[in-house]
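Asker: here is a sequence with its predicted model. Questions after.
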Amino acid sequence: MRKKIEMSTERIHIAKQKEEQARKIWEAALKALNDEEALKQKLCEDLKNLVQESSNSQFARLEELKRRLEALNPSRASALSSYVSFLFILSYYTTSSSCSIRYLYRVLGEDNFL
């Protein structure tokens, strides 16, 4: 009987060691997961900031184009302004985001755009 108790105690000790190892592995995996999630969040924030900067830059160029177009043709200023705004919105939602703005710069004689 004593031998059985000692064997059972040994098995319990081994099981507790395995449990402790599993807990350490789980904690390390949880830390790695949290680190990856934090990195992903930072990358998402960086991307959001880059997109915002690009959008702000394009909006500033749009405003300059609208001003120049209105100066070139004051009688059609409202229609030109609406058209340029439409092109900006269109370019914002397409993959070639600067295509329309580049075209307008060419029309205005800006060969060194971007």
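Answerer: Received it, and whenever you're ready, just let me know what you need.

Asker: please enumerate the helices of this protein.
Answerer: Shown for the chain, the helices assigned by DSSP state H span residues 2-72, 77-92, 99-107.

Asker: avg pLDDT for the second one?
Answerer: Pointing back at helix 77-92 there. Helix 77-92 carries an average pLDDT of 66.

Asker: again with stretch 38-45
Answerer: Per-residue scores along stretch 38-45 average to 92.

Asker: with just CA atoms, put it into CSV.
Answerer: C-alpha atoms of stretch 38-45 as CSV (Å, rounded to 0.1, in the frame of the first residue of the first chain):
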residue,chain,number,x,y,z
ALA,A,38,-0.2,46.1,-30.0
LEU,A,39,2.1,46.1,-33.0
LYS,A,40,-0.9,45.6,-35.3
GLN,A,41,-2.7,48.5,-33.6
LYS,A,42,0.4,50.7,-34.0
LEU,A,43,0.7,49.8,-37.7
CYS,A,44,-3.0,50.6,-38.2
GLU,A,45,-2.6,53.9,-36.6
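
Asker: least trustworthy helix or strand in this protein by mean pLDDT?
Answerer: Every helix and strand of the chain was ranked by mean pLDDT, DSSP states H and E. The lowest is helix 99-107, at a mean of 57.

Asker: what sits against residue 9?
Answerer: Shown in contact with residue 9 (C-beta atoms under 8 Å, 6 or more residues apart in numbering): no residues. The C-beta positions use only the backbone N, C-alpha and C, and glycine is treated the same way.
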